[in-house]
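Enquirer: how does the following fold in three dimensions:
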Amino acid sequence: MSSGMKAAALAGLCAALTVAATPASSHHSTAMYDKANPIVLDGTIKDMQWRNPHVTIDFVSDAKDGQPERTWTTEVSSPGVMTRAGWSKRSLNPGDRVKVEVAPLRDGRPGGEARKVTLVSTGQVLTWSFRAGENANLK
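Expert: Model (predicted):
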């Protein structure tokens, strides 16, 4: 193999390793969420989609303070991250009464990033985080 071919092969290998070393959590921005101003909503689980790239939780917020009930679509992390945080695809079921802490969408639509979900019936608190050591399921 010529030295030019060896250099090209080495450059290709380096490029492949660089891409493989990129953190998975950086695949898109979370700038659309207002993380500085989370809100807490009471509601009822409509659906939870346990699939990649993000688990989504749809819930209907209660009518309150003159606001009508609204269907919110929120996302959390991937099924793998959520499993490591103690969640399962059966953690939330249609009809469950919940209190959800949401970093809302900045554009005002009913959606965002769910940061904490409390099951009203049991008091179980489900949380998750990308940061190591912050995943906890507290009672």
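Enquirer: for the residue nearest to His54 when sequence neighbours are not counted, list each beta-bridge partner.
Expert: Here the nearest residue to His54 in space, its sequence neighbours aside, is Glu75; by C-beta to C-beta, 6 or more residues apart in numbering that works out to 4.3 Å. Where C-beta positions appear, they are placed from N, C-alpha and C, glycine not excepted. Glu75 has these beta-bridge partners by DSSP bridges: Thr56, Glu113.
Enquirer: and Glu75, what does it touch?
Expert: Contacts for Glu75 (C-beta atoms under 8 Å, 6 or more residues apart in numbering) come out as His54, Val55, Thr56, Ile57, Glu113, Ala114.
Enquirer: for burial, what's the neighbour tally of Trp128?
Expert: Counted with other C-beta atoms under 10 Å, the neighbours of Trp128 add up to 22.
Enquirer: so it is in contact with Met82, correct?
Expert: Yes - with contact defined as C-beta atoms under 8 Å, Trp128 reaches Met82; the gap is 5.9 Å.
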